[in-house]
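any chance you can model this:
(chains A and B)
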Amino acid sequence: MGAIFRRELKAYFTSPIAYIFIAVFYLYTSIYFININILYGTTDMSTVFTSAFTVMMILLPLLTMRLFTEEKRQRTDQCLLTAPVNLFSIVMGKFLAAVCVYLCAMAVYVLYIITLVALAGSVAWATVIGTFIALLLMGSAFIAIGIFVSAMTENQVVAAIVSFIIIMLFYLIDMLAGMVPVEWLKNIMSALGFYTRYYEFTTGLLNVPSLIFFISTIFIFNFLTVRVLEKRRWS
Amino acid sequence: MIEVRNLTKQYGAKKAVDDLSFTVNDGEILGFLGPNGAGKSTTMNMLTGYISSTSGNALINGIDILDDPIAAKKNIGYLPEIPPLYLDMTVKDYLNFIYDLKKCKLPRKAHLEDVCSLVMIKDVYDRIIRNLSKGYKQRVGLAQALIGNPPILILDEPTVGLDPKQIIEIRTLIKRLGKKHTVILSSHILSEIQAVCDRVIIINGGKIAADDTTENLTKNISVDHRLIARIDGSREEIIKTIRNIPGVLTVVADMEREPGIYDYEIETKEDADIRRELFKRIVSRNWVMLGLKSTEMTLEDIFLKITMGDNVVIKTKKSAEEKTEKFEQDAEGISEKTEEAAETVSEENKEDKKEGEE
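Alright, predicted model coming up:
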């Protein structure tokens, strides 16, 4: 696991992908931060945090799209799958590497918080920390979805688009739930929605079931990735 | 040691590998020979645990690759058909990655250095793999397989894309590795197998068509004993003279090679050596022998015979007599089916018929 994690992380930073990912994220969030927090002089970071959802939805599939597609295209998966390591640690190595790049992007929030503390003296710590955790978990869930999709195709573009669609469905499912007349289906759909759960965090509500929901999503998709790799051997 | 028992891989309705069984002993270099698409790579992928078998087992040093893949994989170094290289890494980073991936316990620096000098890639150690030539990439792939000193090496067409000098170097290297490791090597280049391997398995259509030492395959399989002599002299007389030598079955004058000089194809009994007698009689008649050679079949011939026929299975060693008969039948069958490819065979047959008419 360690070897794969280190290799992936290094690959991210030897190619432009990690830099572009981080730069776009910084640009996007800083526009919100300057517009809302600095120009309006507020320490309420909830809008800055909510806005991150949209950009993550687009950026994270780009981060995960090559993780397994490239292995297959370059036939390097033959090296991984015939090495004495189990599939789970291969998947986890890649997953953690992507999460690590994601963390680098999120580190910009620390800068914003320091700026606000310097300018205004304090921020709403509970909200900020809660949201930070939620954002981390949700982004990790997006990454797990992206890795799962990349294990199923050999084409990076397809991987990026399909993972974007899946993530978008998780985003839209909340709103779709409102249109469904069947009560139990509506409940299931709104339970699966990412956005409402995430939005609660940005308003300062630390919802434990939501935390568990995100962690479960991460677990399930990583597990499915292992199954996809396993199944390919048997087909 | 590798034991393969009834290994089968089915893709839909097609059996890529069909009920393969063989054993490779420690320290043996086994050649896997077959045309493209015969099932060589599929078999190797199953042995290394990259894909699973539909049925049957593959035991690596007694461990079933499907039961305990991690323990079994520790024993194997695998060079797939396309070397699994991360093009954006330097050779150094890549080999270090493989070292970590295989959880190698040997002293890192010394071991990597050993491997690199073994496959001669020290001079490109700090370069990015993308920029290396095909030959170097292949050798980095081989280095990757050697890391951790696995007792078993499985090499899928290791010399593809190399230049003649590199091919010889890699062959010498594989031979040297064969002293300490068990090696399975696949190729569709026959001379390579002949040069490197102790034993060869010819595989065609997913089945084993022949399994024997290279020596036995070329020796035992040859239909019978044939000599070709080029003699300067009167054709009719020569044929008559040679036919009188004890042990000679048939004599045929081949085409006119030089003005008035013919090649004579002489078929003899299984263990008759008529070369001395032949020479003496030719000389006694004041003819001149310009050349004499025996036409033992090369691996090439055997390969063609086996792979051109649909269900040709050649039995070797154990049933020598039976084999000779069967093989002749097979050869006839082939010549009817494929004129071009089995040119030599059909020529022989035609002449046999001519001979019969006479």
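
and the residue nearest the centre of chain A?
A:G139 (2.1 Å; C-alpha atoms, centre = their mean).

wait, what's in contact with that residue?
A:G139 makes contacts with A:56, A:60, A:99, A:102, A:106, as judged by C-beta atoms under 8 Å, 6 or more residues apart in numbering or on different chains. For glycine as for every other residue, the C-beta is placed from the backbone atoms N, C-alpha and C.

how many residues are close by the second one?
So that's A:L60. By other C-beta atoms under 10 Å in any protein chain shown, 29 other residues sit near A:L60.

so it touches A:A141, yeah?
No - in this structure, A:L60 is not within contact of A:A141 by C-beta atoms under 8 Å, at 9.5 Å.

from B:G247, how far off is the spatially closest residue to B:T241 that is not a sequence neighbour?
Nearest residue to B:T241, sequence neighbours excluded (C-beta to C-beta, 6 or more residues apart in numbering or on different chains): B:R281, at 5.6 Å. Distance of B:R281 to B:G247, computed by C-beta to C-beta, to the nearest Å: 13 Å.

next SSE downstream of the helix or strand bottoming out on mean pLDDT in chain A?
Sorting the helices and strands of chain A by mean pLDDT, DSSP states H and E puts helix A:195-202 at the bottom, at a mean of 82. On the C-terminal side of helix A:195-202, the nearest following helix or strand under DSSP states H and E is helix A:208-234.

that following helix near chain B anywhere?
Yes - contact of helix A:208-234 with chain B (C-beta under 8 Å from any C-beta of the partner chain) involves A:233-234.

can you confirm A:R75 is in a helix?
No - applying DSSP: H, G, I helix; E, B strand; the rest coil, one finds A:R75 to be coil, outside a helix.

hmm, it is touching B:I82, no?
Yes - between A:R75 and B:I82 a contact is recorded at 4.6 Å, counting by C-beta under 8 Å.

of the two, who's got more company?
Each of A:R75 and B:I82 has its neighbours counted (other C-beta under 10 Å); B:I82 has more, 18 against 14.

sorry, back to before: which ones are touching the residue nearest to B:T241?
Contacts of B:R281 by C-beta under 8 Å, 6+ apart are B:241-242, B:244-245.

possible to save these as TSV with neighbour count?
Shown next, in TSV, are the contacts of B:R281 (neighbours: other C-beta atoms under 10 Å in any protein chain shown):
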residue	neighbour count
B:T241	19
B:I242	22
B:N244	11
B:I245	16
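
so of these, which ones are in helices?
B:241-242 (DSSP state H).

specify which member of the contacts of B:R281 is nearest to chain A.
Of all these, chain A sits closest to B:I242, with 58.3 Å by C-beta to the nearest C-beta.

test my guess that the closest one contacts B:E265.
No - in terms of C-beta under 8 Å, B:I242 does not count as a neighbour of B:E265; the distance is 10.2 Å.

hey, what's in contact with both of the two?
Common contact partners of B:I242 and B:E265 (C-beta under 8 Å, 6+ apart): B:V251.

ok so, going back, narrow the contacts of A:G139 to just the buried residues.
A:56, A:60, A:99, A:102, A:106 (16 or more other C-beta atoms under 10 Å in any protein chain shown).

go through these and name the one nearest A:F213.
For those, the closest approach to A:F213 (C-beta to C-beta) belongs to A:M56, at 16.7 Å.

I figured that closest one hits A:A141, correct?
No - if you go by C-beta under 8 Å, A:M56 and A:A141 don't touch, sitting 10.2 Å apart.

residues touching the least confident helix or strand of chain A, excluding its own?
A:46, A:49-50, A:53, A:127, A:130-131, A:133-135, A:138, A:171, A:174, A:190, A:207, A:210, A:213-214.

list, one by one, the residues from the stretch 1-150 of chain B near chain A.
So the stretch 1-150 of chain B meets chain A at B:45, B:48-52, B:69-71, B:73-74, B:76, B:78, B:80, B:82, B:84-89, B:93, B:97-98, B:100-103, B:144 (C-beta under 8 Å from any C-beta).

could you check how many residues crowd around residue 197?
Went with chain A since none was named. Burial measure for A:R197: 23 neighbouring residues, criterion other C-beta under 10 Å.

not quite, I wanted chain B
Here the number of neighbours of B:C197 (other C-beta under 10 Å) works out to 24.

my guess is it contacts B:L30, does it?
Yes - between B:C197 and B:L30 there is a contact under C-beta under 8 Å: 6.3 Å.

quickly note the distance from A:Q78 to chain B.
Separation of A:Q78 from chain B (C-beta to the nearest C-beta, to the nearest Å): 5 Å.

next, give phi and psi for that residue.
Dihedral angles of A:Q78 (phi, psi; degrees, to the nearest 10) stand at phi -60, psi -30.

contacts only, for it.
Neighbours of A:Q78 in contact, by C-beta under 8 Å, 6+ apart: B:45, B:50, B:78, B:80, B:82, B:84.

show me the contact partners of stretch A:225-235.
Counting by C-beta under 8 Å, 6+ apart, A:68, A:81, A:87-88, A:90-91, A:144, A:147-148, A:151-152, B:49-52 sit against stretch A:225-235.

separation between A:I17 and chain B?
Taking C-beta to the nearest C-beta, one finds A:I17 at 11 Å from chain B.

now do the contacts for that residue.
A:62-63, A:66 are the contacts of A:I17 under C-beta under 8 Å, 6+ apart.

one step back: which strand or helix spans the residue nearest to B:T241?
In this structure, B:R281 sits in helix B:275-284 according to DSSP H and E.

and that helix, C-alpha only, in CSV?
Taking Å, rounded to 0.1, in the frame of the first residue of the first chain, the C-alpha atoms of helix B:275-284 are listed here in CSV:
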residue,chain,number,x,y,z
ARG,B,275,27.8,-42.7,-45.6
ARG,B,276,31.1,-44.6,-45.7
GLU,B,277,29.8,-47.3,-48.0
LEU,B,278,28.2,-44.7,-50.3
PHE,B,279,31.5,-42.7,-50.5
LYS,B,280,33.5,-45.8,-51.3
ARG,B,281,31.2,-47.0,-54.1
ILE,B,282,31.0,-43.5,-55.7
VAL,B,283,34.8,-43.3,-55.7
SER,B,284,35.2,-46.8,-57.0
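
tilt between the next helix or strand after it and helix B:275-284?
Using DSSP H and E, the helix or strand that follows helix B:275-284 in sequence is strand B:288-294. If you take axes from the mean of the first three to the mean of the last three C-alpha atoms, to 10 degrees, strand B:288-294 sits at 160 degrees to helix B:275-284.

give me the distance from strand B:288-294 to the chain's centre.
Distance of strand B:288-294 from its chain centroid, counting by C-alpha atoms, centre = their mean, to the nearest Å, is 29 Å.

list the buried ones in it?
Buried, per 16+ other C-beta under 10 Å, within strand B:288-294: B:L292.

what about the closest residue to B:T54 other than its chain neighbours, which SS state?
In space, and not counting its chain neighbours, B:T54 is closest to B:Q10: 4.3 Å by C-beta to C-beta, 6+ apart. Classification of B:Q10 using three-state DSSP returns strand.
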